[in-house]
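A.B. asks: Here's my sequence, what's the structure:
(chains A and B)
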Amino acid sequence: MIQHDPVLISAALAAAERALNQAIALAPTSHQELDALSGTLLGIEITSLDLTLYIDIVSGTEVQLMMHCERATDAFVRGSMEDFAALAASDDPAATLINGGIELEGRSTSLISLQQIISKMDVDWEAPLVEVLGDVAGHQLAQTLRRFFRWSEGARASLKRQLSEYLLEEGRLTPPKAELEFFYDSVQSLSMRVERAQQQVEKLIAKAASNRKTS
Amino acid sequence: MSDEQGTAADREDDTTDFGFTRVDREAKAGMVRGVFDSVASRYDLMNDLMSGGVHRLWKRFTIELSAARPGQTVLDIAGGTGDLAARFSKLVGPEGKVILADINAAMLEVGRDRLIDKGATGNIEVVQTDAQALPFEDNSIDCITIAFGLRNVTDKDMALRSMLRVLRPGGRLLVLEFSKPVSPLLGKVYDQYSFQILPTMGRLIAQDADSYRYLAESIRKHPDQDTLIDMMKDAGFMECRYHNMTGGIVAVHQGFKA
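C.D. replies: Numbering: from 1, shown residues only, chains lettered A, B, ... in the order given. Next up, the predicted model:
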């Protein structure tokens, strides 16, 4: 188990929280959208760092970032740092989300909604994070956050397409349309042949009965 | 428990630590009051300067560990200038209550004025009291915090028992306090800082080198992480654990009432 000094993480979270809330204050159109998510708690576990972070949408004008929370989360994302970095850098994030190592539990819509709200804002992650973590680490984290909160742009359509492809081709969880139609036709044809066979059997039974009477 | 860290010797010879000096147990509270009377007006400024602002992060993590919820009652002992109380006031909401308690009237006065300035008044009570004999009903508090206050209490065991009494079953105590650096190298650097730089800063900013020398000495006399865990267990707290922060310079201890 990795022992984290809570101070460094608290510092980074405090800086990111300040950047986020400043951006929210400057984007009044986001207030109503965020207000709809008010009270929502999202959890993010970075397995490779043995670190869990929480995003609490306190109100339409305030988001709080924490490293310790005892409330039940509405949605929870779990993955390694590499998984999150791959998602942030991916050209097709929906495909990365489905095929990568990230696990999603709970109401994923709240997470996607939050990402979409934040992606529309102009959050200056760079300045406060560089101030706390220094040029290199601060810049890298700012870049990851920027990408992470932008991946949902257009992700919904892509997610739908990818999900359909995954269910059909990869997971083989649902049959393709043509295969399904062929199956329905076969069932119908079989049903008709069974009916015909049943009529034949009934005719034969009737014929056998009349033969017994005449003899 | 060693003489250095605590209370066994105190009980035997009726003296106790005041920094590196042994003083009468009866006299300590008055002497500590003198220190805080002297630093009250510039306490937060000095905290910012002494810790480089990191005390805000120590407190932020402590507040997260409190898991305070709307409707709860939170007691902030040695709450002085009210920075934790202001945050708790928001977390417990109008249905909840925050009690800002301190033995020192000057610190409480600064805290009360500051809370009024912040508009955090509706659900906050201000009480001047001694942590060793808390004037609250048994099983009446959901969460108690004491940030940088326990080391100034004359009888820490008595204070811990008093806190346990007023906590509700399932309630939690959080002790945020200077502790023992985990790395010997960091310990040496920290010693240099505490005994050379800190009193100089105290002299320049608060015109009071002696009070800041006492603060540095009292930190060294305070129980280390494991000793404080034992003290909490002895007092009756359950599931006791601690988190080191900034290399163990500070630790937050947590314990629950069964």
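A.B. asks: Straight-line length of stretch B:155-173, end to end?
C.D. replies: 17 Å (Cα to Cα, to the nearest Å).
A.B. asks: Please see if it touches chain A.
C.D. replies: No: counting by Cβ under 8 Å from any Cβ of the partner chain, no contacts exist between stretch B:155-173 and chain A, the nearest distance being 10.3 Å. Where you see a C-beta, it was placed from the backbone N, CA and C, and this is true even at glycine.
A.B. asks: Mind listing what's buried along that stretch?
C.D. replies: Across stretch B:155-173, burial judged by 16 or more other Cβ atoms under 10 Å in any protein chain shown covers B:155-167, B:171-173.
A.B. asks: excluding its backbone neighbours, what's nearest A:Ser80?
C.D. replies: A:Ser48 (4.0 Å; Cβ to Cβ, 6 or more residues apart in numbering or on different chains).
A.B. asks: follow-up on the earlier one: kindly indicate which of the buried residues of stretch B:155-173 lies nearest B:Asp234.
C.D. replies: B:Asp157 (6.9 Å; Cβ to Cβ).
A.B. asks: what about A:Ala11, helix or strand, and which?
C.D. replies: helix A:6-25 (DSSP states H and E).
A.B. asks: so which of the buried residues of stretch B:155-173 would you say is closest to B:Ile116?
C.D. replies: B:Val166 (26.0 Å).
A.B. asks: how close does that closest one get to B:Val74?
C.D. replies: From B:Val166 across to B:Val74, the span is 12 Å (Cβ to Cβ, to the nearest Å).
A.B. asks: how about the CA coordinates for stretch B:181-197, as CSV?
C.D. replies: The C-alpha trace of stretch B:181-197 is given here as CSV (Å, rounded to 0.1, in the frame of the first residue of the first chain):
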residue,chain,number,x,y,z
PRO,B,181,9.1,13.9,12.0
VAL,B,182,9.5,10.4,10.6
SER,B,183,12.9,11.1,9.0
PRO,B,184,15.8,12.0,11.3
LEU,B,185,17.2,14.3,8.7
LEU,B,186,13.9,16.2,8.5
GLY,B,187,13.9,16.2,12.3
LYS,B,188,17.3,18.0,12.4
VAL,B,189,16.2,20.6,9.8
TYR,B,190,13.0,21.1,11.7
ASP,B,191,14.9,21.6,15.0
GLN,B,192,17.0,24.3,13.4
TYR,B,193,13.9,26.0,12.1
SER,B,194,12.0,25.8,15.4
PHE,B,195,14.7,27.0,17.7
GLN,B,196,16.5,29.5,15.5
ILE,B,197,14.2,30.9,12.9
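A.B. asks: Just list the residues touching the closest residue to B:Asp142 other than its chain neighbours, thanks.
C.D. replies: Excluding the flanking residues, the one nearest B:Asp142 by Cβ to Cβ, 6+ apart is B:Gln72, at 4.0 Å. The neighbourhood of B:Gln72, defined by Cβ atoms under 8 Å, 6 or more residues apart in numbering or on different chains, consists of B:92, B:96, B:142-143.
A.B. asks: same check, this time on B:Leu75
C.D. replies: B:98-99, B:101, B:134, B:136, B:141, B:143-145, B:166.
A.B. asks: quick one on the thing from earlier: list the residues that are in contact with both of B:Val166 and B:Val74.
C.D. replies: B:141, B:144.
A.B. asks: Show me the shaky parts of the chain.
C.D. replies: You didn't pick a chain, so chain A it is. Applying pLDDT under 70 to chain A picks out residues A:1-3, A:88-89, A:93-94, A:148-176.
A.B. asks: Sorry, I should have been clearer: chain B.
C.D. replies: B:1-13, B:206.
A.B. asks: can you give me the strands in it?
C.D. replies: Secondary structure of chain B, counting by DSSP state E: strands at B:15-18, B:21-24, B:73-77, B:97-102, B:124-128, B:141-147, B:167-178, B:238-245, B:250-256.
A.B. asks: which one of these lies closest to A:Met192?
C.D. replies: strand B:167-178 (69.3 Å).
A.B. asks: the inter-axis angle of that closest one versus strand B:73-77?
C.D. replies: 40 degrees (axes from the mean of the first three to the mean of the last three Cα atoms, to 10 degrees).
A.B. asks: what does chain A put close to chain B?
C.D. replies: A:5-7, A:10-11, A:14, A:66-71.
A.B. asks: Let's have these in a markdown table, adding neighbour count.
C.D. replies: Shown next, in a markdown table, are the residues of chain A next to chain B (neighbours: other Cβ atoms under 10 Å in any protein chain shown):
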| residue | neighbour count |
| --- | --- |
| A:Asp5 | 16 |
| A:Pro6 | 24 |
| A:Val7 | 20 |
| A:Ser10 | 26 |
| A:Ala11 | 21 |
| A:Ala14 | 16 |
| A:Met66 | 21 |
| A:Met67 | 18 |
| A:His68 | 18 |
| A:Cys69 | 18 |
| A:Glu70 | 10 |
| A:Arg71 | 13 |
